[in-house]
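> Just need the structure, nothing else, for what follows:
(one chain, ligands or ions: 1)
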Amino acid sequence: MIRAIAFDADDTLWHTETLFQATQVRLAEILGHYASPDEVQRRLHDTEERNVKVFGFGVKGFTLSMVETAIEISGGRISAADIHAVVGMGRGMLEAPMELLDHVPQVLAQLQQRFPLYLVTKGDLLDQRNKIETSGLAAHFAGIEVVAHKDPAAYREVFDRHDVDPASVMMVGNSIPSDILPVLDVGGWAVHIPYVVTASFERHDSDPAHARFNRLESIRELPALVEWLHSHSG
Ligand SMILES: [Mg+2]
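The predicted structure is shown next:
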């Protein structure tokens, strides 16, 4: 039986990836003298992949990766003014207005009547805390967790701390590697709601073949799915 519902935040409750992609387009414009947009994107991805283990997920690490990529692609010729512009793009992302996905507040308010809700997000602690606060959604959640990595051990640790059996949790998120696979691994239910664009880190080759895996097009469909699973289990 489902006894708790946990949500991812970025690109599940509010828009994030569109901001990253728009920033990458601007970076490619700045570096247009030195490389094609495709090459800029590829090199940025390689830099991020190398750096994420050290800087973690989030805008600040992404900004440092943009600076590093700009210096490397330009062979050290990029101007201080352009570096300044890149840093300003990172700041602009952190200060961008919060945009919730459609139907999110209504769905959380509805589900909150029946289940404790949890928010489990990864990324930069300060940035995520700011976003949670400005989202106005904090009051819907019985617990809010910002973790460094979303792996089975992290989920087990979070649910243990809240005294919730991982096998009774339904996790809802846009990322197969971060929100779905590790939760199925600890015995829970998982609902994948794809976002309009997928970050290069969150791509996956195939869907998990698992009885507890579900996919929805919109969070609006979630209450009905929960009801259905409830009436067909136990
Ligand atoms: Mg996400």
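> Go through the helix or strand hosting T23 and flag the buried ones.
Per DSSP states H and E, T23 falls inside helix 17-30. Neighbour counts using 16 or more other Cβ atoms under 10 Å place E17, L19, F20, T23, Q24, L27, A28, I30 of helix 17-30 among the buried residues. C-beta: built from backbone N, CA, C; applies to glycine.
> Ok, stretch 52-62 next?
So for stretch 52-62, counting by 16+ other Cβ under 10 Å, buried means V52, F55, F57, G58, V59, K60, G61, F62.
> Could you tell me the end-to-end distance of that stretch?
8 Å (Cα to Cα, to the nearest Å).
> before we move on, what about stretch 198-213?
19 Å.
> what does stretch 213-233 give?
Per Cα to Cα, the first residue of stretch 213-233 is 14 Å away from its last.
> Mind splitting this structure into its structural domains?
Here the domain parsing of the chain from automatic domain parsing is 4-15+99-231, 17-94.
> can you redo these as a markdown table with mean pLDDT?
Shown next, in a markdown table, are these (pLDDT from 0 to 100):
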| stretch | mean pLDDT |
| --- | --- |
| domain 4-15+99-231 | 93 |
| domain 17-94 | 95 |
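> Now render the ones you listed as a markdown table, adding distance to the ion.
Shown next, in a markdown table, are the domains of the chain (distance: least, Cβ to the ion, whole Å):
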| stretch | distance to the ion |
| --- | --- |
| domain 4-15+99-231 | 4 |
| domain 17-94 | 8 |
